[in-house]
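# Model the following, please.
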Amino acid sequence: MPEETGAAALPSVKDLASSELADTVTIMNGKDHSLAEVSETGNQVWLDTWTNAFWETLCREWASIDQWRMNKVLLLVRFFIREQFRLALEWTIMEGSRSEDQVTRQIQIFEAWPLSPRERKVPDGLRLHVLDVWVEELAGQLGEFQAAMDDLEHVDTENDKKALTNTAKKFMEPVQKVSREALSKGVKTRAKEAVKLADERLS
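Numbers count the residues shown, from 1 in each chain. From the prediction side, this is the model:
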């Protein structure tokens, strides 16, 4: 098959815009690192505020998104989640025990917004999309980090892989809660399917 050339080989403008917006997660994390260098608190002031505001705004504006913009928004949600997972797994390797608190705070934001089982401010359409991409993105990021561990041939490779898997499984806790407590039968069913898929992909 011939190699793609020209415009067909390039990512679409839509993809680029969504990716750039999702990259703000990394930018905010960098601001927190800079802040930690001059402060003893080490809190994720920028990242926590930004991710919380992102999901809150999306929930508020969801009903007003027209059909021509919805695909862009769905792609943005996927990329945003991907970046949050990537950061969490990076913390697991780079930050050691400190990563547990960082991961917990991001999970709490997910539980408060897109994966809140009963918060009526969260549209079910958003919940369903998040559940649709959740395991795929989580397993994808986990696989990339585990492959990187193999390439590094580090003495603690197996321990690092185990820590990465444990972090990934923590991100399934909100989904498990939704599968038990969601008000919508459709959301509850989709969450159960995601839990089952995670059992296969994250084992």
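# isn't Val178 right up against Val195?
No: Val178 is beyond contact range of Val195, at 9.1 Å (criterion: CB atoms under 8 Å). From N, CA and C alone the C-beta is placed, and that goes for glycine too.
# Roughly how far does Leu89 sit from Phe145?
Between Leu89 and Phe145 the distance, using CB to CB, to the nearest Å, works out to 5 Å.
# typo on my end, Arg69
33 Å.
# which of these two has more neighbours?
Phe145 (22 against 11; other CB atoms under 10 Å).
# Was I right to think that one contacts Trp91?
No: applying CB under 8 Å as the test, Phe145 and Trp91 come out as separate, 11.1 Å apart.
# Neighbours of Ser99, how many?
The burial count for Ser99: 19, using other CB under 10 Å.
# ok, and the closest non-adjacent residue to it?
Residue nearest to Ser99 in three dimensions, not counting chain neighbours: Trp91, with 3.7 Å by CB to CB, 6 or more residues apart in numbering.
# hang on, the earlier thing: higher neighbour count, Val178 and Val195?
Val178 (27 against 18).
# Tell me which residues touch that one, please.
The contact partners of Val178, taken as CB atoms under 8 Å, 6 or more residues apart in numbering, are 115, 117, 127, 131, 187-188, 191.
# so it is in which element?
helix 173-181 (DSSP states H and E).
# Next, the buried residues of whichever helix or strand comes after that helix.
Next along the chain after helix 173-181, taking DSSP H and E as the criterion, comes helix 185-201. By 16 or more other CB atoms under 10 Å, the buried positions in helix 185-201 come out as 187-188, 190-192, 194-195, 197-198.
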